[in-house]
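Q: For reference, the sequence and a predicted model appear below.
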Amino acid sequence: MEEIAYSEAPHEWMLGLPAFFVVSGLAIFSINWVLRKILGVERKKWFSTSGYFVNEFHEKVERYFRYGSAALYIVLLLIFGFEQGSIYFVLFTFLLSAPQELFKAFLEKKHAENPNDYKFTLLEYPVSIVIFLTCAVTFTPEIFNLFMDELSLIFSN
């Protein structure tokens, strides 16, 4: 009697996930480091909110962005379920982060001590998205193709 070998299941896409996370993380970190050096922008402390916000108004509006995004994610998952809702989660993460970053850049231009802070903020998000998508296509093409198929179904309806 033959046993089913679960280790031989076709999950080759899982091998690309660690490479995707490591390479995209290192690439984003490296590009941000180069951009900071070119623009002369100080690196903010990780997991610290002390240097992240320009002023109290920025902190207040940023909180609204975060709570509103979280509420929207929950509503999307309740409406579309976990299977189809996950694609909306990824899509809205990209779409909702853009106005948040633009607002941050606007306030940095008006209130930041370093005049190049807003330039870094405006460059960081699109460069990170390009790196993220490039690594997704390179290391996990099956997942990326599935994502694009689902996305085309959403916009074709």
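A: Cool, got the structure.
Q: contacts for stretch 63-83?
A: 85, 88-89, 92-93, 96, 99-100, 103 (C-beta atoms under 8 Å, 6 or more residues apart in numbering). Heads up, the C-betas are built off the backbone N, CA and C, glycines and all.
Q: The same query, at a cut-off of 6 Å, please.
A: 85, 88-89, 96, 100 (C-beta atoms under 6 Å, 6 or more residues apart in numbering).
Q: closest to Phe57 among these?
A: Taking C-beta to C-beta as the measure, Phe57 lies nearest Gln100 of the contacts of stretch 63-83, at 14.3 Å.
Q: Number of residues surrounding the closest one?
A: Per other C-beta atoms under 10 Å, the neighbour tally for Gln100 reads 17.
Q: Same check on Leu72?
A: Residues lying near Leu72 (other C-beta under 10 Å) number 14.
Q: rewinding a little: most neighbours, which of the contacts of stretch 63-83?
A: The most crowded member of the contacts of stretch 63-83, judged by other C-beta under 10 Å, is Tyr88 (20 neighbours).
Q: Give me the nearest residue to that residue, chain neighbours excluded.
A: Leu76 (4.6 Å; C-beta to C-beta, 6 or more residues apart in numbering).
Q: Kindly provide the distance from that neighbour to Phe89.
A: The gap separating Leu76 from Phe89 is 7 Å, by C-beta to C-beta, to the nearest Å.
Q: So for the closest residue to Glu42 other than its chain neighbours, what's the pLDDT?
A: Leaving aside its sequence neighbours, Glu42 sits nearest to Asn114 (C-beta to C-beta, 6+ apart; 7.1 Å). Per-residue pLDDT puts Asn114 at 85.
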